[in-house]
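Visitor: Give me the fold of what follows.
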Amino acid sequence: MTTGFSGNAQAMSLVAFSTVAAITLLLCVMTGPDGDDLDEFYTGYGSLSPMRNGLAIAGDYISAASVLGTGGVIALCGYDGIALALSTALSLMLLMFLLAEPLRNAGRFTMGDALTRRMPGRGVRITACVVTIAALLPLMLVQLAGTGQLLAFILGFSGNSLQTGCIIGLGALMISYAAIGGMKGTALIQILKIVMLLGSGAVVALLVLRRFDWDPGALFNAAAAQSGVGSAFLHSGVEFAGSSNPRLDMITSELTIVLGGACLPHVTMRMYTARSARQVRRSMSWAVSSVVLFVLIMTVVGFGATALIGRAVIAQADPQGNTAYLLGSRAAFGTDVSASETFLFTTVTTAIFLTLLASVAGMILACANSLAHDVFATRVQEMPERREMLLARVSALAVGIPAILLATLVQHHSLQPLVTLSFCLGASAIAPALVYSLFWRRYTRMGLLCTLIGGTLAVLLVMPGTNLVSGSPVSAFPGADFNWFPFTTTGLVTIPLGFAFGWLGTVASGRRASEEQRRQYEAVEGWILAGAVRRSG
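Guide: Got it, this is the predicted structure:
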């Protein structure tokens with residue numbers, strides 16, 4: 001595999017990767033919870049300042065799929081990629097203004113806690129855990145499989161066994177982060193990741209703009225000229241050109257990202273680490289600002305990659321464009337690369353590497369916390385804290401090992417359907433459940449279960465029929481064609497279904513159950529919506 005990166009850059013990257021892995025693991029050991037304190041493991045005692053908590057939220061939110069995938073869509077599709085990136089920022093703003101404070105007030109450790117404040121029951125907790133794992137497992141597979149591909153691309157090797165070895169080794173490291181560091185340890189890694197990612201990305205973006213005399217218009221025009229589609233690159237329609245209804249497909253995809261990204265459990269779990277509603281607001285302000293800066297950086301680097309090396313070269317390196325960010329960073333330095341520029345490029349690759357590590361660690365932690373707290377700990381009346389913490393660490397293994405094995409199986413397929421699946425589940429099952437639980441007074445337990453189960457099943461039934469799975473050269477199964485749903489995401493159908501299932505389940509519960517839920521909600525309405533009271537258990 002030829003990357004165009006010098007042997008010096010490859011050697012420096014390998015040394016940097018090893019150093020970062022050792023330092024971050026040491027940080028987890030040093031900051032991990034002492035003894036058997038559940039609050040320290042699950043929330044870090046809310047000890048992070050709003051700025052650090054906000055950076056950790058942004059770190060959890062900006063996954064490797066966002067960095068590599070969004071950069072690729074911008075480089076290959078132009079305007080459509082910018083719309084996709086803006087949707088990710090809008091999603092976090094939705095979380096900030098609508099859900100952040102009520103989630104913090106209603107929950108304690110997991111999404112199951114927030115859902116069962118009004119409707120307690122082990123069935124609700126188990127269902128919430130299953131949906132949490134179902135929504136995050138596909139994203140974990142994408143990050144893990146991308147780890148092998150990224151290292152192969154940067155370091156210039158092509159052997160399948162080496163890529164598989166990278167997935168297994170780094171997967172074990174990510175499990176260690178979650179099991180040893182807990183919430184505080186993974187938060188420090190997320191902070192380090194976001195600072196390196198935004199810092200190195202901002203420098204690369206400035207280098208790209210310098211190549212075009214600091215004129216964004218010249219950058220966009222040059223990208224359009226090198227795109228192969230001319231001025232269409234700067235207008236809507238390139239990404240969904242093969243769809244039967246491109247405009248509707250684009251709107252549906254953006255709606256799915258806006259609703260789904262804000263509600264994924266590894267992001268919402270960070271709401272419980274704030275000590276007060278005021279800290280949630282300040283944390284989210286830092287998080288949104290960081291994501292907006294990320295969008296600006298990705299736009300400049302993505303267009304710079306197309307303008308400097310051409311859309312055809314990017315697509316040849318990876319049909320999905322996942323290497324566009326690295327190629328654009330490398331091209332920003334020009335043909336003669338100095339030692340300082342080689343060091344900067346090493347910083348960029350290290351930031352991407354750390355993004356992969358931190359993203360999966362946060363997702364494993366969210367799944368492990370839910371499995372231990374919502375499933376195992378509720379089996380007994382009062383489980384000792386030491387035993388629950390042990391279960392949480394064992395759960396990290398129980399979630400991480402199957403994820404590693406599955407990632408080795410899917411690494412040579414298109415991973416875009418897995419990313420889309422996670423966002424569709426977030427938008428169609430988790431978002432309706434959270435909105436109804438936090439704001440609808442008459443919402444019942446049957447309605448909640450219908451929302452979670454019905455929304456999840458709807459996505460799993462419709463997703464195989466989308467054009468990301470089959471029917472196109474870039475689909476997961478390009479040799480097959482069972483594409484019966486002519487859209488990229490399932491949101492057009494499954495998002496309304498998720499809300500409809502919740503409404504139907506509540507109606508089917510009967511008037512008495514609805515009135516009982518209304519009275520229970522009114523008793524805690526001030527606590528959930530305004531933080532008037534914060535229960536400790």
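
Visitor: Following the chain past the lowest-mean-pLDDT helix or strand in the chain, name the next helix or strand.
Guide: Least confident helix or strand, the chain: helix 38-43 with a mean of 72, by mean pLDDT, DSSP states H and E. Next along the chain after helix 38-43, taking DSSP states H and E as the criterion, comes helix 50-61.

Visitor: what packs against that following helix?
Guide: helix 79-94, helix 182-211, helix 265-268, helix 277-309, helix 339-370 (3 or more CB pairs under 8 Å, 6 or more residues apart in numbering; DSSP states H and E). Where C-beta positions appear, they are placed from N, C-alpha and C, glycine not excepted.

Visitor: Any buried residues in the fourth one, and which?
Guide: Going by neighbour count (16 or more other CB atoms under 10 Å), the buried part of helix 277-309 is 277, 279-284, 286-288, 290-295, 297-309.

Visitor: again, but for the last one
Guide: Burial within helix 339-370, assessed by neighbour count using 16+ other CB under 10 Å, is assigned to 341-342, 344-370.

Visitor: Going by residue numbers, what spans are helices in the stretch 101-250 of the chain?
Guide: 111-116, 122-155, 160-176, 182-211, 216-226, 246-263 (DSSP state H, counting those that start in this stretch).

Visitor: Figure out which of these is closest to Gln520.
Guide: helix 111-116 (11.9 Å; CB to CB).

Visitor: pull the CA atoms of stretch 240-254 into CSV?
Guide: Presented in CSV, the C-alpha positions along stretch 240-254 are these (Å, rounded to 0.1, in the frame of the first residue of the first chain):
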residue,chain,number,x,y,z
PHE,A,240,-27.4,11.6,-3.3
ALA,A,241,-27.2,11.9,-7.1
GLY,A,242,-28.1,8.2,-7.5
SER,A,243,-31.2,8.4,-5.3
SER,A,244,-34.7,8.4,-6.7
ASN,A,245,-35.4,11.5,-4.7
PRO,A,246,-32.1,13.2,-3.8
ARG,A,247,-33.6,16.2,-1.9
LEU,A,248,-35.8,14.1,0.3
ASP,A,249,-32.9,11.6,0.9
MET,A,250,-30.7,14.5,2.0
ILE,A,251,-33.3,16.0,4.4
THR,A,252,-34.0,12.6,5.9
SER,A,253,-30.3,11.9,6.4
GLU,A,254,-29.7,15.2,8.1
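
Visitor: residues in contact with it?
Guide: Stretch 240-254 has contacts (CB atoms under 8 Å, 6 or more residues apart in numbering) with 80, 83-84, 87, 236-237, 239, 467, 472, 486-489, 491-492.

Visitor: Give me the distance from that stretch to the chain's centre.
Guide: Its chain's C-alpha centre and that of stretch 240-254 lie 22 Å apart, by CA atoms, centre = their mean, to the nearest Å.

Visitor: Pro319 and Arg311: what is the separation?
Guide: Pro319 sits 12 Å away from Arg311, going by CB to CB, to the nearest Å.

Visitor: Between the two, which is the more surrounded one?
Guide: Arg311 (24 against 15; other CB atoms under 10 Å).

Visitor: what sits against that one?
Guide: Going by CB under 8 Å, 6+ apart, Arg311 touches Ala75, Leu76, Gln226, Ser227, Gly228, Val229.

Visitor: Top of those by number of neighbours, please.
Guide: Ranked by neighbour count (other CB under 10 Å), the contacts of Arg311 have Ala75 at the top, with 31 neighbours.

Visitor: Quick check, that residue in contact with Ala307.
Guide: No. With contact defined as CB atoms under 8 Å, Ala75 does not reach Ala307; the gap is 9.5 Å.

Visitor: Could you point out which of the contacts of stretch 240-254 is nearest to Phe423?
Guide: Minimum distance to Phe423 across the contacts of stretch 240-254 is 7.3 Å, recorded for Thr489 (CB to CB).

Visitor: That closest one and Thr378: what is the separation?
Guide: In terms of CB to CB, Thr489 sits 34 Å off from Thr378.

Visitor: So the two - more neighbours on which side?
Guide: Per other CB under 10 Å, whichever of Thr489 and Thr378 has more neighbours is Thr489, with 29 against 17.

Visitor: Run through the stretch 201-350 of the chain and note the low-pLDDT ranges.
Guide: Within the stretch 201-350 of the chain, the set of residues satisfying pLDDT under 70 comprises 335-338.

Visitor: Now with 90, please.
Guide: 227-232, 234-250, 261-262, 266-282, 310-350 (pLDDT under 90).
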